[in-house]
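**Q** build the 3D model from these lines:
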Amino acid sequence: VLSFIIFICYIASLAASFMMAPLLEFLLALFLFFAYASKLNEKFKGAHWPLADFLRCVTAAIIYFAISIAAVSKYNDGASKAAGVFGFAATIVFAIDFYITFNDLVTFLKQGSSDGPEGRKTEDEDSDSDSD
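**A** Residues are numbered from 1 along each chain as shown. Sure, this is the predicted structure:
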């Protein structure tokens, strides 16, 4: 929702050249929302969904921070200033989401590593001790 508000503010401002970043972020967030809501993440196990969400949060926070600084410092109209302020708020929101998603990503990666060679090694050691 915040990305859509920022998009509308940029359309109404002199800084209309910045409108593509919030639009793309809004569409990407909408896609991931529907992907999780329709349980596509459970159907397509090959995609690393937590990693995609993590990268979306990181890039969104960086891009919103950069374009907000540019919008507030370079343009003097009210819509640009509002878009900049909302952009700073979005930076904070995406930084919080980045932290939460990072914890999910670590959990996801730990689950994947238990299927790796370490997990098989302990099974082999168990079978060796059974034969003794």
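**Q** can you tell me the closest non-neighbouring residue to Ala79?
**A** Ser13 (3.5 Å; C-beta to C-beta, 6 or more residues apart in numbering). Quick note: C-beta positions are derived from backbone N, CA and C, even for glycine.
**Q** brain fart, Ile67
**A** For Ile67, ignoring the flanking residues on the chain, the nearest one in space by C-beta to C-beta, 6+ apart is Phe18 at 4.7 Å.
**Q** repeat that for Phe102.
**A** Leaving aside its chain neighbours, Phe102 sits nearest to Phe54 (6.3 Å; criterion: C-beta to C-beta, 6+ apart).
**Q** which strand or helix spans the one you found?
**A** Using DSSP states H and E, Phe54 sits within helix 49-74.
**Q** check which residues of that helix are buried.
**A** 49-50, 52-54, 56-61, 63-65, 67-68, 70-72 (16 or more other C-beta atoms under 10 Å).
**Q** what do you get for stretch 23-30?
**A** Within stretch 23-30, the residues that count as buried by 16+ other C-beta under 10 Å are Leu23, Glu25, Phe26, Leu28, Ala29.
**Q** Three-state assignment for the first one, please.
**A** Looking back up the chat, that one is Leu23. What DSSP: H, G, I helix; E, B strand; the rest coil gives for Leu23 is helix.
**Q** how about the last one?
**A** Three-state secondary structure (criterion: three-state DSSP) places Ala29 in helix.
**Q** that one contacts Asp53, doesn't it?
**A** No. Using C-beta atoms under 8 Å, Ala29 is not in contact with Asp53; the gap is 9.3 Å.
**Q** relative to Ile62, how far out is the residue nearest to Phe102?
**A** Phe54 is 13 Å from Ile62, where distance means C-beta to C-beta, to the nearest Å.
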